[in-house]
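Q: structure for this input, please:
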Amino acid sequence: MLTQNGVLKSASAFFRNLPINVKLMVGYSSIFIITGLFASLVLYFSVRDTIETNIESELKNTTVSILNMVHAAAQNAIRNYMRAVAETNLILLQDLYEKQQRGVLSEEQARANAKQMMAGQKIGKSGYLYCANSQGVAVVHPNPGVAGRSFLDRDFIKEQIRRREGYLEYDWKNPGETEEHPKALYMVYFAPWDWIISVSVYRDEFKDLVNVSDFRQNILSLKFRQNGYSFVLDGSGNVIIHPKLKSGQPDGYDDEDTKIIRDIVRKKSGKLTYAWKNPDEKQRREKLVIFNHIPEFDWFVASSCYLEEVYAPLSSLRNIVFVTIAGTLLLAFPITLLISASITRPLRTLMDRFSAGAAGDMTVRMDMNTRDEIGHLAGYFNEFMDKLALSQSLEQEILDISQREQQKIGRDLHDDLGPHLMGVDVLTCVLEKKLRSKHAAETSDAAKIRELVGDAIHKLRRLARGLCPMDLGDQGLDASLGELAGYIEDVFGISCRLQCDDPVRLSDQTVATHIHYIAHEALHNAVKHAGAKNIRIFLFFRDSNMILKIEDDGCGLPASVRNDGMGLRIMKYRAHRINAVLSINGRPGRGTVVTLEIAGLQSQRG
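A: Predicted structure coming up:
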C-alpha cells in the first residue's frame with residue numbers, strides 16, 4: 001500500500017518526466033487559476049461588505065427621514081387642527097358677543113349659549129374645550145368638578161394667562177383620576193369676556209387626529225433597488241401605510257408573517273432579515289428591513305429591500321470574473337504554446353544534431369540566432385562538434401602514418417607485425433537545463449456601483465441596483481395653488497393672489513405634491529412669522545425651467561425661523577427630493593421672496 005510520501009514522490013516524478021510544454025501549460029494555468037480565484041474572492045467579499053454597508057446606511061437614513069417626516073407632519077396637522085377648532089369657537093363667541101351688543105341677547109344669555117356650545121364639543125376620543133379667565137378660574141369645562149374652580153396654582157394656567165395664545169404642552173389629572181396624563185392645547189383669547197379658549201387633547205390620542213394622507217404618498221414614493229419600499233405599522237401589527245397591503249389588519253397573515261411582525265414590535269428599532277411574500281407574489285424572498293418606533297403614536301416606520309436585488313451586482317461581478325479567468329486561460333494557451341515552442345523546438349533540433357553527430361556526421365552545426373540560453377547552448381554544441389571533428393581528423397592522420405610505417409617495417413621485417421593503433425576517446429557532455437518562468441496576472445473589476453457601484457456595479461454590479469389635498473393630475477398645479485391662495489384669504493383674512501397665465505399639469509404627481517406643500521409652508525410662514533397682509537404667488541416658465549415665486553409685504557422671517565425652523569428644513573428637503581433649487585431672500589421690514597426653480601418641466605405644461 002502506497003504511503004503519503006510515496007504518492008508525493010510518484011506525483012513529483014511524474015511531473016518531472018512530463019514534456020516541457022506540458023509543464024509550462026500546467027504551471028501557467030495553475031498560477032492564473034489560483035491568482036484569479038484569490039483575487040476574485042478578495043474582490044467579491046470586499047464588494048459584498050461595501051454593498052451591505054451602503055444599503056444598510058441607505059435604509060437607516062431613509063427610515064430616520066421618514067420618522068422625522070411623520071413627526072413633523074403629524075405635529076403640524078395636530079396643531080393646525082387644534083388651532084382651527086379654537087379659532088372657529090372664537091368666531092362663534094364673537095358672533096354671540098355681537099348679538100349681545102345689538103341687544104338680541106343679554107350678556108348672561110350670550111355666555112350661557114357659549115358655555116353650552118363649547119361644553120358639548122369633543123376633540124378626538126376624550127379631548128375637549130375649556131375656557132379660563134385671567135384669574136385662573138375655569139369658567140367653562142365639561143367636567144362639573146372642574147368648572148368654576150380656580151387653578152391659578154397650576155403652572156400651565158399661569159403660562160396660559162401670560163401667553164393667552166399659542167400651543168402648550170402640560171400634564172393634567174381630572175377629578176376622580178389617580179394620575180396625571182400628558183396633554184396639549186391650543187389657545188386663543190376672547191378679550192371682551194376675558195376668556196382664554198383652549199382646545200385640549202391627550203397626547204396619547206394624537207394618532208387619532210393625524211391625517212395619514214398628508215405623508216402617505218411621500219412614503220410610498222420611496223424605492224430601494226427595483227422592488228424595495230417603506231411601510232408603517234402600528235403596535236398591534238395593523239398596516240398604516242404599505243404599497244402592497246391595505247390599511248388595517250391584512251388578510252392572509254400566516255404564522256411566519258405574524259412572527260415577523262411580533263419581532264418588529266418587540267425590538268422597537270433595529271434591523272431584521274426575513275422571508276416575505278406580498279399578495280401579488282408567488283413565493284417568499286429574503287428581505288432586509290431597518291425599522292424605528294414612534295412612541296407617541298405607537299407606530300413603526302420601516303424601510304426594506306430584497307437581498308437578491310441588493311446582491312445582484314455580485315452576480316454580475318461573479319460572471320465577469322469567470323469570463324475574465326476563462327478568457328485569460330484561453331489567451332494563455334496560445335501564449336504558452338509559443339513560449340514552449342521557442343524552447344522545445346531548438347532543443348529538439350539540438351537533439352537531432354546530437355543524434356547525427358553520434359552517427360558520424362561531423363558537419364552538423366546549430367544556427368546561433370539568439371543570445372539567450374538556447375543560443376549559448378547552440379554555441380557550446382558547435383564548439384564541441386568542432387573539437388570533436390578536429391580530434392577525429394587527428395586520429396585519422398595518425399592512423400595513416402601508422403599504416404605507412406607498418407608497411408615500411410613490414411618490408412623490412414620477415415615477420416608480419418602490424419601494429420594496430422586504435423584509440424577512440426569519446427567525450428561525454430552532460431546537458432542540463434532548468435527553466436522556470438513566473439507570470440503573474442492580476443484581474444481587477446471596472447463598475448462603483450452603486451454604486452453602490454449604486455451607484456452598485458454597474459451603482460456592481462450594479463459591479464456591484466422613489467400630498468395632494470386635491471387631484472393634481474386632473475385639476476392641475478395652478479388650480480391647486482389657486483385653491484391654496486383662497487384658503488389663505490379665507491382663514492387669515494389677508495390678500496393672497498395667484499398669477500399664472502396658462503394651466504399647469506405635471507405628469508409626475510410626486511413633483512406636483514412637493515411643489516404644492518413647499519408653497520403651503522411658504523404661505524404659512526409669511527402669515528405666522530412675517531405678519532404679511534398681501535401675498536402674491538407667481539407660477540411661470542422661463543426657458544426650460546418652471547418657477548414658483550411667492551412674495552409678501554411682511555416684516556421678514558425671524559432669525560430663529562430662518563436658521564432652525566422645522567418648516568424651512570422640510571421645504572428644503574422637499575426641494576431636494578425633486579431636484580429643485582429653493583431660495584429665500586428678504587430683509588426685516590421689507591418682505592420675503594421665496595423662489596423655487598425646477599429644470600426640465602416645460603414639456604409638461606398645459
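
Q: in stretch 582-594, which residues are buried?
A: Buried residues in stretch 582-594, counted by 16 or more other Cβ atoms under 10 Å: 582, 584, 586, 591-594. Using the backbone N, CA and C atoms, a C-beta is placed for each residue, glycine as well.

Q: and which of those is nearest residue 33?
A: The closest of those to residue 33 turns out to be residue 582 (Cβ to Cβ; 56.4 Å).

Q: which one is the closest one nearest to, not counting chain neighbours?
A: Excluding the flanking residues, the one nearest residue 582 by Cβ to Cβ, 6 or more residues apart in numbering is residue 575, at 3.9 Å.

Q: what's in contact with stretch 515-525?
A: The contact list for stretch 515-525 (Cβ atoms under 8 Å, 6 or more residues apart in numbering) reads 467-469, 472, 477, 480-481, 484-485, 488, 496, 506, 535, 537, 548, 550, 557, 561, 565, 567-568, 570-571, 574-575, 578, 580, 582, 592, 594, 596, 598.

Q: on that earlier part again, so the residue nearest to residue 582 is in contact with residue 568, correct?
A: No - contact criterion Cβ atoms under 8 Å: residue 575 and residue 568 do not qualify, at 10.5 Å.

Q: from residue 287, how far out is residue 147?
A: According to Cβ to Cβ, to the nearest Å, residue 147 and residue 287 sit 55 Å apart.

Q: so which of the two has more stuff around it?
A: Set residue 147 next to residue 287 and count neighbours by other Cβ atoms under 10 Å: residue 287 wins out with 21 against 16.

Q: show me what counts as buried in the helix or strand hosting that one.
A: Per DSSP states H and E, residue 287 falls inside strand 285-294. The neighbour-count check on strand 285-294 (16+ other Cβ under 10 Å) flags 285, 287-294 as buried.

Q: try stretch 198-213
A: Going by neighbour count (16+ other Cβ under 10 Å), the buried part of stretch 198-213 is 198-207, 209-210, 212.

Q: among those, which two are most distant?
A: 198 and 212 (26.6 Å).

Q: backbone dihedrals for residue 104, please?
A: Dihedral pair for residue 104: phi -70, psi -40, per degrees, to the nearest 10.

Q: one more: residue 496?
A: phi -140, psi 110.

Q: likewise for residue 200?
A: According to degrees, to the nearest 10, residue 200 has phi -120, psi 130.

Q: with residue 144 instead?
A: For residue 144, the backbone dihedrals (degrees, to the nearest 10) come out as phi -60, psi -30.

Q: contacting residues for residue 481?
A: Counting by Cβ under 8 Å, 6+ apart, residue 481 makes contact with 498, 500, 516, 519, 537, 539, 548.

Q: from those residues, which has minimum pLDDT?
A: pLDDT is lowest at residue 516 among those; the value there is 83.

Q: now residue 269: how far from residue 63?
A: The value you get for residue 269 to residue 63, if Cβ to Cβ is used, is 9 Å.

Q: repeat that for residue 95.
A: Note on residue 95: its distance to residue 63, by Cβ to Cβ, is 48 Å.

Q: those two: who's more crowded?
A: Neighbour count, other Cβ under 10 Å: between residue 95 and residue 63, residue 63 has more, with 23 against 13.

Q: how near is that one to residue 307?
A: Residue 63 is 17 Å from residue 307, where distance means Cβ to Cβ.

Q: can you check residue 327 too?
A: Distance from residue 327 to residue 307, counting by Cβ to Cβ: 30 Å.

Q: more neighbours, those two?
A: residue 307 (17 against 11).

Q: list the contacts of the more buried one.
A: Residue 307 makes contact with 273, 285-288 under the criterion Cβ under 8 Å, 6+ apart.

Q: pull the number of nearby residues for residue 491.
A: By other Cβ under 10 Å, the residues close to residue 491 number 15.

Q: with residue 75 instead?
A: Count around residue 75 with other Cβ under 10 Å applied: 16.

Q: so who does it touch?
A: Contacts of residue 75 (Cβ under 8 Å, 6+ apart): none.

Q: cool, and residue 532?
A: 494, 526, 552-554, 591-592.

Q: try it again with 7 Å
A: 494, 526, 552-554 (Cβ atoms under 7 Å, 6 or more residues apart in numbering).

Q: now it, what's its secondary structure?
A: Classification of residue 532 using DSSP: H, G, I helix; E, B strand; the rest coil returns coil.

Q: how is this structure divided into domains?
A: In terms of domains, the chain is parsed into 19-205, 212-310, 314-412, 472-604 (source: automatic domain parsing).

Q: nearest to residue 9, of those?
A: domain 19-205 (17.5 Å).

Q: quick one: end-to-end distance for the closest one.
A: End-to-end distance for domain 19-205: 87 Å, by Cα to Cα, to the nearest Å.

Q: related to what we said a few turns ago, need the buried residues of stretch 582-594 in JSON lines with distance to residue 34 and pLDDT, can you?
A: Formatted as JSON lines, these follow (distance: Cβ to Cβ, whole Å; pLDDT from 0 to 100):
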{"residue": "582", "distance to residue 34": "56", "pLDDT": "88"}
{"residue": "584", "distance to residue 34": "62", "pLDDT": "86"}
{"residue": "586", "distance to residue 34": "68", "pLDDT": "76"}
{"residue": "591", "distance to residue 34": "73", "pLDDT": "84"}
{"residue": "592", "distance to residue 34": "68", "pLDDT": "88"}
{"residue": "593", "distance to residue 34": "67", "pLDDT": "89"}
{"residue": "594", "distance to residue 34": "64", "pLDDT": "90"}
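
Q: so which of the residues you listed are in strands?
A: If you go by DSSP state E, those have 582, 584, 586, 592-594 in strands.

Q: now the two most distant members of those.
A: By the measure Cβ to Cβ, 582 and 586 form the most distant pair in those, at 13.8 Å.

Q: any idea which helix or strand carries residue 101?
A: helix 20-102.

Q: quick one, that helix and strand 285-294 angle?
A: 40 degrees (axes from the mean of the first three to the mean of the last three Cα atoms, to 10 degrees).

Q: for the following helix or strand past helix 20-102, the distance to its chain's centre please.
A: Once the chain leaves helix 20-102, the next helix or strand it forms, by DSSP H and E, is helix 107-119. Centroid displacement of helix 107-119 relative to its chain, using Cα atoms, centre = their mean, to the nearest Å, is 59 Å.

Q: could you check the angle helix 107-119 makes with helix 20-102?
A: Going by the same axes, to 10 degrees, helix 107-119 makes 160 degrees with helix 20-102.

Q: which parts of helix 107-119 are buried?
A: Within helix 107-119, the residues scored as buried using 16+ other Cβ under 10 Å are 110-111, 113-115, 118-119.

Q: need the helices for the stretch 251-400 of the chain, in chain order.
A: Under the criterion DSSP state H, counting those that start in this stretch, the stretch 251-400 of the chain contains helices at 255-267, 307-310, 312-358, 373-412.

Q: take the ones you listed and write them to CSV, including distance to residue 219 and mean pLDDT.
A: What follows is the helices of the stretch 251-400 of the chain, written out as CSV (distance: least, Cβ to Cβ, whole Å; pLDDT from 0 to 100):
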stretch, distance to residue 219, mean pLDDT
helix 255-267, 16, 83
helix 307-310, 19, 80
helix 312-358, 24, 75
helix 373-412, 74, 66
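
Q: for residue 26, which of those helices is the nearest?
A: Evaluated over the helices of the stretch 251-400 of the chain, closeness to residue 26 peaks at helix 312-358, with 9.4 Å, by Cβ to Cβ.

Q: from the contact counts, what lies against that closest one?
A: Where contact means 3 or more Cβ pairs under 7 Å, 6 or more residues apart in numbering; DSSP states H and E, helix 312-358 is packed against helix 20-102, helix 373-412.
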